[in-house]
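# Build me a structure from this.
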Amino acid sequence: MRVFLLLILMPAAALADDSPLFNSDEPLEITIEFPLRDVMRKAKNRPVVDGVASYTNADGSVTSLPVEMSTRGKSRLSVCRFPPLALSVKKKAAAGTVFAGQKSLKIVTHCREHLLYRNYLLQEYGIYEAFNVLTESSFRARLINVTYRDSEKDGFEITEQAFFIESIREVAARNDVERKKVAKTQSGQLDPAYATLTAMFHFMIGNTDWSIRKAPEGANCCHNGRILGPAGQDSGWKVVPYDFDQAGLIDAEYAEPADQLRLRSVRQRLWRGRCAHGDELDEVIALFNERREAIEAALQVPGMRDSRRPMQYIDTFYEIINDPKKRQRSIDKRCLAG
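Below is the predicted model:
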């Protein structure tokens with residue numbers, strides 16, 4: 001059973017990776033020049049503008065390439081003074097650069113120019129890194145030190161940290177699977193070990209802003225997740241999670257649990273795993289225990305203001321999963337039907 005679980009979570013058949021952007025953990029120093037102030041003013045209209053991305057190579061030379069910039073997102077587009085962004089690049093322009101193999105990338109930005117929000121960003125980046133520790137079926141992220149320069153107003157620029165998120169197309173290619181676009185899923189279609197793994201990960205970080213069953217009306221399933229599965233098969237599907245800013249581990253000042261969950265705050269954990277997948281719990285908990293040191297290392301990102309509070313939050317997670325009574329009360333008896 002143990003070997004079987006690891007084969008599910010970390011497939012040996014993953015394709016050779018030729019993505020220079022996500023093959024390094026070193027922050028990328030980059031400048032992106034585009035009509036910055038105009039995009040910020042019109043952020044909710046999702047403008048698409050031309051720009052130029054430039055970065056310095058190891059030998060000191062500078063590489064520049066044309067890109068398209070746009071705003072993206074939903075809740076953060078309303079909350080943030082500096083909008084979340086997307087960068088698109090054509091295959092020919094990307095060839096031979098750090099963006100080789102890329103097409104469209106999400107950029108998680110600092111949201112607001114405040115130390116608190118910069119800390120939120122680093123914490124969310126650490127969450128992506130922690131999920132990478134557990135499974136190859138996960139979005140990789142690359143931290144960047146970025147200067148946004150206004151191409152239409154001399155001298156106006158903003159320098160902050162941000163991070164790129166790998167595209168679902170690239171995650172699928174690495175794992176030799178395809179994306180599934182459906183309105184909702186059934187329990188029998190889902191890989192039970194992976195579904196339990198993701199539920200446990202969300203429980204660990206205190207995140208309830210997700211679903212593996214459906215998405216908002218008119219969107220592809222799932223809410224804050226994308227489905228991957230073997231080509232031509234209607235089972236073994238994995239809903240790969242993303243967008244963790246509502247997690248209790250971060251405890252962003254704008255984060256609120258959904259009213260229907262009746263939680264006091266996002267810091268209050270809620271188990272949302274499926275009863276149908278309960279047989280996987282022991283093996284998944286064993287995996288979290290085995291990789292605890294690596295998970296905690298991933299969550300402590302250099303530059304974070306204070307890692308003590310989030311690490312204390314992680315400690316309480318391990319207390320729950322390793323205490324039979326606490327586990328029974330908080331997990332086993334809380335599973336969702338179906």
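
# Can you classify the residue nearest to Ala141 when sequence neighbours are not counted by secondary structure?
Nearest residue to Ala141, sequence neighbours excluded (Cβ to Cβ, 6 or more residues apart in numbering): Tyr128, at 4.1 Å. For glycine as for every other residue, the C-beta is placed from the backbone atoms N, C-alpha and C. Under the three-state scheme (DSSP: H, G, I helix; E, B strand; the rest coil), Tyr128 adopts helix.

# Phe139 is in contact with Tyr128, correct?
Yes: the criterion here is Cβ atoms under 8 Å, and Tyr128 meets it with Phe139 at 6.1 Å.

# any common contacting residues for those two?
Common neighbours of Tyr128 and Phe139, counting by Cβ atoms under 8 Å, 6 or more residues apart in numbering, are 165, 242.

# On the pLDDT front, check the residue nearest in space to the middle of the chain for me.
Against the mean C-alpha coordinate of the chain, by Cα atoms, centre = their mean, the closest residue is Tyr242 at 3.4 Å. The model reports Tyr242 with a pLDDT of 97.

# Quick check: it touching Asn224?
Yes: with contacts counted by Cβ under 8 Å, Tyr242 reaches Asn224, the gap being 6.0 Å.

# could you pull out the helices for the stretch 151-300 of the chain?
168-174, 192-205, 281-290, 292-299 (DSSP state H, counting those that start in this stretch).

# State the mean pLDDT of the host helix or strand of Thr147.
Using DSSP states H and E, Thr147 maps to strand 141-150. Strand 141-150 shows a mean pLDDT of 98 in the predicted model.

# swap in stretch 106-126?
97.

# doesn't Asn207 make contact with Ala258?
No: using Cβ under 8 Å, Ala258 makes no contact with Asn207, being 11.7 Å away.

# Can you pick out the residue with more neighbours from those two?
Asn207 (26 against 10; other Cβ atoms under 10 Å).

# Could you pull up the mean pLDDT of stretch 58-75?
Rounded mean pLDDT across stretch 58-75 is 93.

# contacts for that stretch?
32, 34, 39, 43-44, 46-57, 77, 83-90, 93-94, 97-99, 106.

# repeat that with 6 Å
Identification of contacts with stretch 58-75 by Cβ atoms under 6 Å, 6 or more residues apart in numbering yields 34, 43, 46, 48-49, 51-56, 83-84, 86-89, 93, 97.

# Equivalent analysis for stretch 241-250, please.
120, 123-124, 127, 139, 198, 205-207, 209-210, 224-225, 252, 255, 266-267, 310, 313.

# what about stretch 296-306, how long is it end to end?
14 Å (Cα to Cα, to the nearest Å).

# got the buried residues for it?
Within stretch 296-306, the residues that count as buried by 16 or more other Cβ atoms under 10 Å are 296, 298-301, 304.

# Make JSON lines from those and add distance to Lys181 and pLDDT to it.
Output for those, formatted as JSON lines (distance: Cβ to Cβ, whole Å; pLDDT from 0 to 100):
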{"residue": "Glu296", "distance to Lys181": "36", "pLDDT": "98"}
{"residue": "Ala298", "distance to Lys181": "30", "pLDDT": "98"}
{"residue": "Leu299", "distance to Lys181": "32", "pLDDT": "98"}
{"residue": "Gln300", "distance to Lys181": "36", "pLDDT": "97"}
{"residue": "Val301", "distance to Lys181": "33", "pLDDT": "97"}
{"residue": "Met304", "distance to Lys181": "36", "pLDDT": "94"}
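
# Now distance to Pro216 too, for the residues you listed, in JSON lines please.
Below are these laid out as JSON lines (distance: Cβ to Cβ, whole Å):
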{"residue": "Glu296", "distance to Pro216": "34"}
{"residue": "Ala298", "distance to Pro216": "30"}
{"residue": "Leu299", "distance to Pro216": "29"}
{"residue": "Gln300", "distance to Pro216": "34"}
{"residue": "Val301", "distance to Pro216": "31"}
{"residue": "Met304", "distance to Pro216": "32"}
